[in-house]
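Participant: below: sequence and its predicted model.
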Amino acid sequence: MAEPDHRVIVLVGDGAFQMTGMELSTIVRRGLPVVVIVLDNKGYGTERVIHEGSFNDINPWRYEMLPQVLGGGTGYEVRTEGEFDAALTQALADTSGPSLIRAHIGVDDRSVTLDRIGRGLAARLKR
């Protein structure tokens, strides 16, 4: 809002999105051309590194349907790099409102850095 000439791109995991994602409603209401990319690994990926348990698995949402549910924007569901590239290209070209891309990733897909930090936190918890 403070920098209307800048485009916002949000990268968020599905677990975090389920805690805060309904702010998408405000983005729809204001017609902001925000691109939200939800990395869907079916749960709390960071927490899985720290401690195992079924509590890390979350209820599956049809994230790509949220723009329709909220009354504005466009949703995409992608499973491959090619589908992601096409969806991102379309989302960036569309400035009429928000775009949400649901990108399916593997349950164990995470960066080397996240893996290192999670193992460090797990070790502290075991002390």
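Facilitator: Right, received. Where do you want to start?

Participant: please enumerate the strands of the protein.
Facilitator: Using DSSP state E, the strands of the chain run over 9-13, 35-40, 74-78, 99-104.

Participant: I'd like these as TSV, with mean pLDDT and mean neighbour count appended.
Facilitator: The C-beta positions use only the backbone N, C-alpha and C, and glycine is treated the same way. Output for the strands of the chain, formatted as TSV (pLDDT from 0 to 100; neighbours: other Cβ atoms under 10 Å):
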stretch	mean pLDDT	mean neighbour count
strand 9-13	96	15
strand 35-40	98	22
strand 74-78	98	19
strand 99-104	98	24
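
Participant: would you reformat those strands as TSV and include distance to Asp115?
Facilitator: Below are the strands of the chain laid out as TSV (distance: least, Cβ to Cβ, whole Å):
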stretch	distance to Asp115
strand 9-13	14
strand 35-40	15
strand 74-78	24
strand 99-104	19
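
Participant: of all those strands, which lies closest to Leu88?
Facilitator: Nearest to Leu88, of all the strands of the chain, is strand 99-104, at 6.6 Å by Cβ to Cβ.

Participant: elements contacting that closest one?
Facilitator: strand 35-40, helix 66-70, strand 74-78, helix 81-93 (3 or more Cβ pairs under 8 Å, 6 or more residues apart in numbering; DSSP states H and E).

Participant: so what's the residue nearest to the spatial centre of the chain up against?
Facilitator: The residue lying closest to the centre of the chain (Cα atoms, centre = their mean) is Val38, at 1.9 Å. The contact partners of Val38, by Cβ atoms under 8 Å, 6 or more residues apart in numbering, come to Val12, Gly13, Asp14, Phe17, Gly21, Tyr63, Leu100, Ile101, Arg102, Ala103.
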